[in-house]
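*Asks:* take this sequence and fold it.
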Amino acid sequence: MKNFKNQIILVTGGTGAVGTNLVKKLLDYGAKVTVLDDFSQSNKNNLENTEKLSIIKGDINNKKVLKKVFEKKYDYVFHLAARFANELSVKNPVEDLHVNAEGTLQVLLFASKQKPKRFVYSSSSSLYGNQKSIINENTKPNPSTPYAVSKLTGEYYCKAIHELYGLNYTIVRLSNSYGPFDPSGKYRNVIPNFFQRALTNRNIVITGTGNETRDFTFVDDTINGILLAASSTKGKNETFNLGTGKETSIKEIVKNIINITNSKSKIVFKSQRSFDHIKKRKMNISKAQKLIGYNPKIKINEGLTRTYDWFLKN
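*Replies:* Numbers count the residues shown, from 1 in each chain. Below you'll find the predicted structure:
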C-alpha cells in the first residue's frame, strides 16, 4: 500500500468501528489523515491526535463544517459516516434518510469540487435484503429497512455525481464486519453484544432459530479490501462485495464465543424481530478477488479470538 504514503486523506466517520481501523492503517502507511466525526455513535478516544492526524468534530450535513474541512485538498476521501444501523433506522427513518442519504450527497458535492483520486463510499450488504442464492454485485437490491434504503441511495448519488461532475468513486459493500473497536450497545452488532454477555455470564439471546447465516468479515480483511479498492486503477467507478464468501450461523457464532470466553452463559431463543427476516447471506467476492486482488484470510475462529483479546484490554 505504498500508494498512500504522504497522501492527504479525509475519513468521515473515522472514529467508528471500521473508521478507526481504517485510519490506523492509513497512518501506518504514512498518510496524512483528517477525520470528520460527530462522535454520536463512536468513541472519540479511539484515536489520538498526532502530527499526521487531525480530528474535527462536526456534522456531515453542516455546510459550514464541510467548508472548513474541505479547505484542505484531499487525494482520497473515504466516506464512512452514517447513522447505524437497521433497528435504529426502523425507529427513526427520517433521521436515517437525513444522515445517510442527504449527508452523503453533501460530502459528495464538496468532494466533487476538488476531484480527488477517488471517493470511496462505504455501503452495506444489507441493501441486498432477502435473497435465495449467493449474492454478487449484479444481484438486484431488495432493501427491507430504511438503513438499507439509505445506503443504496448513497450509491446512486455516487454514480450521479460522477456523471455530472466527473468525480471518480469506488463503492464497497461491507458484509458484517467485526473486530476491535466495535463496542457492545443497544443498536450495535451481534458479535460485540454476544461477547459482552458472555464475559458477564449472562444469557445470550438469539432472535430467531439461530440457523440464520451471515457472511461475517474480520475488520482487518475489510480494511484491506477497502484500501485495495481505493488504490487500484481497476477499482475506479466500480462496486465490490467485501465479505469472505462463507456463511456462518448465528448459533455457531454464539457457541464459539461461549467456548472462547469459557463462559457460563446459556443460549436463549426469542421470536425474530419484524424487520429482521433474512435467513441466509453469502457474498460472492470473485469480482474483488479478480480485479483488485482481495483475499480475506482471517477465519471466523481466529477473528473471534482476536476480538476477545481486544475486549479483555478495553
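*Asks:* dump the C-alpha coordinates for whatever helix or strand N301 lives in into CSV.
*Replies:* For N301, the host element (DSSP states H and E) is helix 300-313. These are the backbone C-alpha positions of helix 300-313, laid out as CSV (Å, rounded to 0.1, in the frame of the first residue of the first chain):
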residue,chain,number,x,y,z
ILE,A,300,-14.1,-17.0,12.0
ASN,A,301,-12.4,-18.7,15.0
GLU,A,302,-9.3,-16.6,14.7
GLY,A,303,-11.3,-13.4,14.2
LEU,A,304,-13.4,-14.1,17.3
THR,A,305,-10.3,-14.9,19.4
ARG,A,306,-8.7,-11.6,18.3
THR,A,307,-11.9,-9.8,19.1
TYR,A,308,-11.9,-11.4,22.6
ASP,A,309,-8.4,-10.3,23.1
TRP,A,310,-9.4,-6.7,22.4
PHE,A,311,-12.4,-6.9,24.8
LEU,A,312,-10.1,-8.1,27.6
LYS,A,313,-7.9,-5.0,27.1
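*Asks:* helices or strands next to that helix in the packing?
*Replies:* Counting contacts by 3 or more C-beta pairs under 8 Å, 6 or more residues apart in numbering; DSSP states H and E, helix 300-313 is packed against helix 190-199, strand 217-218, helix 250-261. For the C-beta atoms, the positions are set from N, CA and C on the backbone; glycine is no exception.
*Asks:* mind running it again at 7 Å?
*Replies:* Counting contacts by 3 or more C-beta pairs under 7 Å, 6 or more residues apart in numbering; DSSP states H and E, helix 300-313 packs against helix 190-199, helix 250-261.
*Asks:* okay, now K290: neighbour count?
*Replies:* Per other C-beta atoms under 10 Å, the neighbour tally for K290 reads 10.
*Asks:* name the helix or strand for it, please.
*Replies:* helix 286-292.
*Asks:* Validate this expectation: S265 resides in a helix.
*Replies:* No: checked against DSSP: H, G, I helix; E, B strand; the rest coil, S265 lies outside a helix; its state is coil.
*Asks:* show me the contacts for it.
*Replies:* Residues in contact with S265 (C-beta atoms under 7 Å, 6 or more residues apart in numbering) are 197-198, 201-204, 258.
*Asks:* coming back round to it: the helix holding N301 vs helix 250-261, what angle?
*Replies:* For helix 300-313 against helix 250-261, the angle by axes from the mean of the first three to the mean of the last three C-alpha atoms, to 10 degrees is 50 degrees.
*Asks:* mean confidence score for helix 300-313?
*Replies:* What helix 300-313 shows for mean pLDDT is 96.
*Asks:* where does it sit relative to the chain's centre, distance-wise?
*Replies:* Centre-to-centre, helix 300-313 and its host chain are 18 Å apart (C-alpha atoms, centre = their mean, to the nearest Å).
*Asks:* got a list of contacts for the helix or strand bottoming out on mean pLDDT in the chain?
*Replies:* Lowest by mean pLDDT, DSSP states H and E among the helices and strands of the chain is helix 86-91, with a mean of 75. Contact with helix 86-91 is made by 83, 96, 126, 145-147, 187, 275, as judged by C-beta under 7 Å, 6+ apart.
*Asks:* now swap in stretch 183-197 and tell me
*Replies:* Looking at what lies outside stretch 183-197 - C-beta under 7 Å, 6+ apart - the contacts are 43, 84-85, 87-88, 178, 182, 204, 250, 253-254, 257, 265, 307-308, 311.
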